[in-house]
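> Could you work out the structure for the sequence below:
(chains A and B)
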Amino acid sequence: MRPLPELTPENTAFWTGGAEGKLMIAFCTDCAHAIHPPQLICPKCWSDKVETRAVPGTGTVYTFTVNHQPWAPGMAVPFALAVVDLDGAPGARVTAEVVNADPDSVAIGQAMKVGFLNIDDVWFPQWEPAR
Amino acid sequence: MTLSAAITGVGMSDIGRKTGRPAMLHLAEAARRALECAGLTRDDIDGISTYPGKADNSPGMSPLGTGEVRNALGLRTRWHSAVPDGPSQMAPIQVAAMAVATGQARHVLCFRALTESSSQTATQRASIPGAGRARLGGWYSYLVPANAMSASNWAGWMAQRYFHEFGMTREHLGLVATGQRAFAQANPSAVMRTSLTMDDYLGARMISSPLGLFDCDVPIDGACVVIVSAADAAKDCAKAPLTIEAMGAALGSQETWDQRADLTTMGAHDSAADMWKRTDLKPADVDVLGLYDGFSIFVPFWLEAMGLCGHGEAKDFIAEGNIGPGGRFPVNTGGGQLSGGRLHGFGLLHEVCTQLWGQASGRQVDGAKVGACGMGGGFIAGSMLLRRD
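All right, here's what the predicted structure looks like:
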């Protein structure tokens, strides 16, 4: 069983946006800075006018690893993890669980798109090759 | 520039795997050995510090806080501190240096104790943050729920990017692992002392690509104590004081493992650069190094951070034989954490001090006078330069 994140005012949009199929990212409305992980204050200009909005849900693999070690009981291996630069949110990245792809096919520069896995009150972003 | 602070004693318990020995017994043994090394008694100790303090966020990661150790050893202190948020596992040593330099204490006992080996079970792995919690918060709540549970994953993706940009291969990391094993074979207290060939390294199972089994350090049970003394008090100790020439704790990026703009660098680069601003010594003056090797890939990152070679040049620097036995800049001469066991940086510093005192029998670096130590990986980093006059 995977651990679930604690839902907070700053992160609820990120973890539940998948209910409507949306990847929600926090932005500063004063300076447009993309804020990830989400927080209540813009780290660039200290504005508290932070809002979340949907980004396209696509991105590019900045780097990746293929995990072979079962770290928890029942963990199926191998699987790929990627760090994905998000389209529409310059400077923001997400750690991405890669699904629906041969783990060994994942490559730096690859285009990815998001989907969601619902467990309890959380919609986990999961990523697969865009083509 | 020099801090008015010095390391005057180090001590390590008989570390091992699955010792079943309570952490406090390891700690007491390390403390006794450190006091003996320094020529001090219990009553000389008037300060105590540790990282991170008693913590239950990962099995066996930090079973002892300053309170229990003060009680167990009967210490009467003028100053105490535990530092969970600081410049790496080195934080208690840096804070102790500032404490003695400002007159808050004369001799500070800095400790790190772990029972990660004995605490590990089939369902409770060491170093899995948040294990057993119902819900996760903080930076790792964006990693662990995505199944990026282990630091080997986070280090793995840093290694992958570095390989991609600079053409490093697993053979380069294999030189780190086999070189440190060769050092460990000359260190009776290292936990992994059988020979390790490049074929062994390359043939071992993958953990999180491109990192395999021998790219990962070894969880152990053990404790290590470092005594930091005020410069004037250090003169009365048994050994030549190891002056803290400079230290660095800068961090220029977010505290998480995936957001730093350039993941072919890490916090190490910020902290080491800041350290060099505080000394007239140069990287070429360094004789021996202790560089954090929770994973082998951190060693080339730290080499570049410390300025021993340029960005992207560490693979050639390693291949030229600089860091292994007989090299110009020997790194982790006790075997490091890869072969010596994971004492969270304290073991690396213990070895640097042993070298500077000329007591690293069988692996001694001739005439070692200046040592550099870097602790931490990812955003976690602290740097220190030691000098024996």
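> CA atoms for contacts and neighbours, from now on please.
OK.
> In chain B, which residue is most central in space?
Centroid-nearest residue in chain B: residue B:345, 1.4 Å away (criterion: C-alpha atoms, centre = their mean).
> Correct me if wrong: that one contacts residue B:338.
No: using C-alpha atoms under 8 Å as the test, residue B:345 is too far from residue B:338 to be in contact (11.5 Å).
> Find the closest residue to chain A in the stretch 251-389 of chain B.
residue B:259 (6.2 Å; C-alpha to the nearest C-alpha).
> Let me see the contact set for that residue.
A:92-94, B:253 (C-alpha atoms under 8 Å, 6 or more residues apart in numbering or on different chains).
> so how far is chain A from residue B:17?
19 Å (C-alpha to the nearest C-alpha, to the nearest Å).
> Find the residue closest to that residue in space, skipping its chain neighbours.
Nearest-residue entry for residue B:17: residue B:220, 4.9 Å, with adjacent residues in sequence omitted and distances by C-alpha to C-alpha, 6 or more residues apart in numbering or on different chains.
> The spatially closest residue to residue B:139 that is not a sequence neighbour and residue A:93: what is the separation?
Of all residues not flanking residue B:139 in the chain, residue B:256 sits nearest, at 5.7 Å (C-alpha to C-alpha, 6+ apart). In this view, residue B:256 and residue A:93 are 11 Å apart by C-alpha to C-alpha, to the nearest Å.
> out of those two, which sits in the more crowded spot?
Taking neighbours as other C-alpha atoms under 10 Å in any protein chain shown, residue B:256 and residue A:93 compare with residue A:93 leading, 25 against 17.
> which other helices and strands contact the helix or strand containing residue B:172?
Using DSSP states H and E, residue B:172 sits within helix B:170-184. If you count contacts as 3 or more C-alpha pairs under 8 Å, 6 or more residues apart in numbering or on different chains; DSSP states H and E, helix B:170-184 packs onto helix B:198-203, helix B:314-319, helix B:336-340.
> Distance from the shortest one to the middle of the chain?
Looking back up the chat, that one is helix B:336-340. 10 Å (C-alpha atoms, centre = their mean, to the nearest Å).
> what's it in contact with?
Under C-alpha under 8 Å, 6+ apart, the answer for helix B:336-340 is B:177, B:180-181, B:184, B:189-193, B:214-218, B:290, B:292-296, B:334, B:343-345, B:347-348.
> what about 6 Å?
B:181, B:190-192, B:217-218, B:293 (C-alpha atoms under 6 Å, 6 or more residues apart in numbering or on different chains).
> now stretch B:61-70
B:53-55, B:114, B:116.
> Taking those, please make a PyMOL selection of just the buried ones.
The PyMOL command for the buried members of those (criterion: 16 or more other C-alpha atoms under 10 Å in any protein chain shown) is given here:
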select buried, chain B and resi 53+54+114+116
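> out of everything not next to it in sequence, what's closest to residue A:70?
residue A:77 is the one closest to residue A:70 (C-alpha to C-alpha, 6+ apart), at 6.3 Å.
> all helices in chain A, in order from the N-terminus.
For chain A, the helices defined by DSSP state H cover A:12-16.
> which stretches of it form strands?
Secondary structure of chain A (DSSP state E): strands at A:4-5, A:23-28, A:34-35, A:50-55, A:58-67, A:79-86, A:93-98, A:111-119, A:122-129.
> Can you lay out those strands as a markdown table showing distance to residue A:13 and mean pLDDT?
Below are these laid out as a markdown table (distance: least, C-alpha to C-alpha, whole Å; pLDDT from 0 to 100):
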| stretch | distance to residue A:13 | mean pLDDT |
| --- | --- | --- |
| strand A:4-5 | 12 | 94 |
| strand A:23-28 | 6 | 98 |
| strand A:34-35 | 13 | 98 |
| strand A:50-55 | 7 | 98 |
| strand A:58-67 | 18 | 98 |
| strand A:79-86 | 16 | 98 |
| strand A:93-98 | 15 | 97 |
| strand A:111-119 | 13 | 97 |
| strand A:122-129 | 10 | 97 |
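> right, so of those, which gets closest to residue B:324?
Nearest to residue B:324 among the strands of chain A is strand A:58-67; the distance by C-alpha to C-alpha comes to 27.5 Å.
> Contact partners for residue 115?
Picking chain A for this. A:125-126.
> um, chain B though
With C-alpha under 6 Å, 6+ apart, residue B:115 has these contacts: B:60, B:221.
> Name whatever forms a beta bridge with it.
Note on residue B:115: beta-bridge partners residue B:221, judged by DSSP bridges.
> From chain A, how far out is it?
In terms of C-alpha to the nearest C-alpha, residue B:115 sits 19 Å off from chain A.
> before we move on, the earlier item: redo the strands of chain A as TSV? Include distance to residue B:230.
Below are the strands of chain A laid out as TSV (distance: least, C-alpha to C-alpha, whole Å):
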stretch	distance to residue B:230
strand A:4-5	45
strand A:23-28	48
strand A:34-35	44
strand A:50-55	48
strand A:58-67	46
strand A:79-86	46
strand A:93-98	45
strand A:111-119	56
strand A:122-129	52
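> Chain B contacts on chain A?
A:2-6, A:63-69, A:97 (C-alpha under 6 Å from any C-alpha of the partner chain).
> nearest to residue B:79, of those residues?
residue A:6 (36.4 Å).
> Residue A:40: neighbour count?
18.
> Contacts only, for it.
Contacts of residue A:40 (C-alpha under 6 Å, 6+ apart): residue A:10.
> at 8 Å instead, please
A:10, A:48, A:50.
> so the last one makes contact with residue A:32?
Spelled out, that is residue A:50. No: between residue A:50 and residue A:32 there is no contact under C-alpha under 8 Å: 9.2 Å.
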